[in-house]
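Peer 1: how would this look folded up:
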Amino acid sequence: MCGIVGIIDGNGVDESLLTTMRDVLTHRGPDDYGSWFSSDRQVGIGNRRLAILDLSPAGHMPMTCGDLTITFNGEIYNFLELRRELESLGHQFQSNSDTEVLLKCYSQWGQDACQRLNGMFAFAIWDSANQRLFAARDRFGEKPFYYFAKGTTFVFASETKALLRHPAVSSRPNWHAVSDYICARPVDGSTYSFFEELQQLPAAHFMTRERSGRVQMQRYWDIEPERELHMKDSREYSERLRELFFDAVKIRMRSDVPVGTSLSGGLDSSAIACTMRRFWPAPNMQQCTFSARYDEGGTDEGKFIEAVVKTTDALNFHVWIRGDDLRDDLDRFLYYHDEPVAHTSQFAQWKVYELAKKHNVTVLLDGQGADEALGGYHPPTFGGYFASMLRRGELIQFSHALSAYHRNYGSYIRGLIYCGGVLLPERIGAMLRERKHGVTNLLREPAINGYHTPESIPAFRSPLKSVFHKMLTRTSIPALLRYGDRSSAAHSREPRLPFLDHHVVEFLFSVPDSELVGNGLTKALLRQAMDGIIPDVVRDRKDKIGFSTPEALWFQSALRSWIEDMIVRSKQRGILDVGKVDRLWSDFVGGKPVSGNLWRVANLEAWLQRVS
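Peer 2: Residues are numbered from 1 along each chain as shown. From the prediction side, this is the model:
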């Protein structure tokens, strides 16, 4: 975890401006800082460093090797393997950092280096010989890269708050993004941001910016839609997943600072915690886990957390989260997130990272990505699974699968509704969801639909795989990664996500649908792979809570005055339909489950106040 910034300006770079932008990101990198300027002072690059590998000054950034200078945010987990390969090609190293490995990967392979990297990253390299900036972002967008491009000026940074310090950059809202946000449509899988003038480098893309001002962008990775593995039986699939997952966890434990894990008590985080135990490098040092707990609202997962702690003999630290905590921390929470946050559940993650900081554990492995790649969310998973069988004409299998769903969850109708939701054209499905939640045309004027469709989407034969790809690249994961990055960075912690290892994801997309969802259960393959590794009470869970918060209770108590104040101010601002906002509040008071919509309205108003 680091903070990166850079300015290219034909009129010259103001050193004090670059320093200001860099140090706005001190929370991302409190351990070291540095700046580099080209000889003609028209290029400036800065870095704030959170030291994870090679804590010595040899890991200082920006780092220069020959004509190349790099500023880097993230981790290259396979840096040891890449280093050995580079040494065999004649490269020599002055540090034990992954930054130097990354820089020499680029010097050896150029843009093709991106495909060799197993990691999370956003980096920029200035090539003095060719007067060109090369920037790249990891496959799923775990690390952020925002930029501003106009005329002879190009500015980039890890967070928008740094870019907004540049005098050429306006804080005008992007109403396309606002419209998508207020109607619960995806924003983060796009190239735009919540600010009109700021763009995002998309995940799995690299960019070049010539001194002339020409910008080019190219995708370097995607999931192959036609790849399908045929193994002998379910046991072979589960063994292969276990092998890949063990490796993903193992290489993410490489660190020169303490490593722990977030533990919600769900299947994903429990799999990570139990796997880490198998590879724990220091028998004299106890494994640490960090959890969010609740004493209200029925969302506490304490009994599952305790089962995992007992199995791993880990030391569990937990924080009891209440509405008062969010009320008291709200200003800081919103400041560090920069852009509107769609769910209060992100505050639970915020408190977990805060807890880890209190106990001096810098790196936390986390379970993000498992729900999207293994099938953890009921509507998209079962909808996609049922739709896949119908598309293949497997009516008998469909009938059996629907019966299994009914046996586990007590409803045929929900399963059919989920299936219909997948088969409907995407825009119609979005319109029906907006109508159901009362947010259709909530943005008063103009009612802009900024809904973004990528230029190319792989043509999967399986609707289930199409659903998974959409969640990984457009809807669920891009937003969750933004939230996780900002919450962890605010507390100078580094999250690592084994389920988003590209080898794991590529394998899962090659597995037949029937191995991923079986007997009416989500994550069937992971459950089988973790047999004997995680406690049965966790492995056999059918419910899903995650980091859910009892927000409806909070809105009725600790946060009620804030919510009401934001609603009043929002109506005075006049960008939302006053009647529909009033209806949302009366529906909530009347007991309808619309607290998520109220949070978006209130959070949007709080953000607009901040950027106005």
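
Peer 1: what's the burial count for residue 129?
Peer 2: Around residue 129 there are 8 other residues, counting by other Cβ atoms under 10 Å. Any C-beta I mention is one placed from the backbone N, CA and C, and that applies to glycine too.

Peer 1: got the contact list for residue 484?
Peer 2: Contacts for residue 484 (Cβ atoms under 8 Å, 6 or more residues apart in numbering) come out as 349, 366, 368, 495.

Peer 1: Wait, the second one touches residue 496, no?
Peer 2: Yes. Counting by Cβ atoms under 8 Å, residue 366 touches residue 496, with 7.0 Å between them.

Peer 1: between the two, which one's more packed in?
Peer 2: Using other Cβ under 10 Å as the criterion, residue 366 and residue 496 rank with residue 496 on top: 30 against 27.

Peer 1: ok, now which ones touch that one?
Peer 2: 75, 77, 120, 252, 363-366.

Peer 1: Neighbour-wise, which one of these leads?
Peer 2: Most surrounded of the contacts of residue 496: other Cβ under 10 Å gives residue 75, at 29 neighbours.

Peer 1: and the gap between the residue positioned nearest the centre of the chain and residue 377?
Peer 2: With distances taken as Cα atoms, centre = their mean, residue 481 lies nearest the centre of the chain, 1.2 Å away. According to Cβ to Cβ, to the nearest Å, residue 481 and residue 377 sit 16 Å apart.

Peer 1: how far away is residue 549 from residue 585?
Peer 2: For residue 549 relative to residue 585 (Cβ to Cβ), the value is 19 Å.

Peer 1: of those two, who's got more company?
Peer 2: Counted by other Cβ under 10 Å, residue 549 and residue 585 do not tie: residue 549 has more neighbours, with 24 against 17.

Peer 1: Am I right that the more buried one is in a strand?
Peer 2: No. Secondary structure of residue 549 (DSSP: H, G, I helix; E, B strand; the rest coil): coil, not part of a strand.

Peer 1: how about the nearest residue to it, chain neighbours excluded?
Peer 2: Sequence neighbours aside, residue 344 is the residue nearest to residue 549 in space, at 4.7 Å (criterion: Cβ to Cβ, 6 or more residues apart in numbering).

Peer 1: Can you show me the helices along the stretch 301-450 of the chain?
Peer 2: 302-312, 323-337, 345-358, 370-374, 378-391, 395-409, 413-423, 426-437 (DSSP state H, counting those that start in this stretch).

Peer 1: Could you single out the most deeply buried of those helices?
Peer 2: Counting by mean count of other Cβ atoms under 10 Å, helix 370-374 has the highest mean neighbour count of the helices of the stretch 301-450 of the chain, with a mean of 26.

Peer 1: Which strands or helices does that one pack on?
Peer 2: helix 267-278, helix 463-473, helix 476-490, helix 502-508, helix 524-529 (3 or more Cβ pairs under 8 Å, 6 or more residues apart in numbering; DSSP states H and E).

Peer 1: Now residue 192. Its backbone dihedrals?
Peer 2: phi -90, psi 170 (degrees, to the nearest 10).

Peer 1: re earlier: now tabulate the helices and strands packed on helix 370-374 in TSV and tack on distance to residue 60 and mean pLDDT.
Peer 2: Shown next, in TSV, are the helices and strands packed on helix 370-374 (distance: least, Cβ to Cβ, whole Å; pLDDT from 0 to 100):
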stretch	distance to residue 60	mean pLDDT
helix 267-278	30	96
helix 463-473	35	95
helix 476-490	20	97
helix 502-508	29	98
helix 524-529	41	96
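
Peer 1: Distance to residue 389 for those helices - can I get that in TSV?
Peer 2: What follows is the helices and strands packed on helix 370-374, written out as TSV (distance: least, Cβ to Cβ, whole Å):
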stretch	distance to residue 389
helix 267-278	24
helix 463-473	9
helix 476-490	23
helix 502-508	19
helix 524-529	15
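
Peer 1: quick one: which of those is nearest residue 608?
Peer 2: helix 476-490 (18.2 Å; Cβ to Cβ).

Peer 1: Neighbouring strands of the next helix or strand after the closest one in the sheet, and parallel or not?
Peer 2: Downstream of helix 476-490, the first helix or strand assigned by DSSP states H and E is strand 494-496. Partners of strand 494-496 in the sheet, by DSSP bridges, are strand 363-365 (parallel).

Peer 1: For the strand it pairs with, give me every contacting residue.
Peer 2: Residues from elsewhere that reach strand 363-365 (Cβ under 8 Å, 6+ apart): 52, 249, 252-253, 255, 257-262, 272, 276, 290, 352-353, 356, 488, 493-498.

Peer 1: Tell me how far stretch 487-499 lies from the chain's centre.
Peer 2: Distance of stretch 487-499 from the chain centroid (Cα atoms, centre = their mean, to the nearest Å) equals 10 Å.

Peer 1: Then stretch 136-143?
Peer 2: 9 Å.

Peer 1: Can you get me a residue count around the residue lying closest to residue 391 once chain neighbours are set aside?
Peer 2: Among residues not flanking residue 391 along the chain, residue 463 sits closest, at 6.0 Å (Cβ to Cβ, 6+ apart). Number of residues near residue 463 (other Cβ under 10 Å) recorded here: 23.

Peer 1: Determine the three-state secondary structure at residue 179.
Peer 2: helix.

Peer 1: For the spatially closest residue to residue 524 that is not a sequence neighbour, grab the count of nearby residues.
Peer 2: Using Cβ to Cβ, 6+ apart and skipping the chain neighbours, the partner closest in space to residue 524 is residue 518 (3.8 Å). Residue neighbour count, defined by other Cβ under 10 Å, stands at 18 for residue 518.

Peer 1: Quick check: beta-bridge partners of residue 518?
Peer 2: Beta-bridge partners for residue 518, by DSSP bridges, are residue 521.

Peer 1: correct me, but it touches residue 512?
Peer 2: No. Residue 518 sits out of contact with residue 512 when judged by Cβ under 8 Å, with a separation of 10.4 Å.

Peer 1: Taking their axis directions, the helix or strand encompassing residue 598 and helix 323-337 sit at what angle?
Peer 2: According to DSSP H and E, residue 598 maps onto helix 595-611. Counting by axes from the mean of the first three to the mean of the last three Cα atoms, to 10 degrees, helix 595-611 lies at 50 degrees to helix 323-337.

Peer 1: pLDDT averaged over helix 595-611 - what is it?
Peer 2: In this model, helix 595-611 carries a mean pLDDT of 92.

Peer 1: Can you tell me what sits against that helix?
Peer 2: Contacts to helix 595-611, defined as Cβ under 8 Å, 6+ apart, come from residues 171, 173, 178, 181-182, 184, 194-195, 330, 334-335, 339-344, 437-439, 442, 551-552, 555, 562-563, 566-567, 569-570, 573, 575-576, 581, 584-585, 588.
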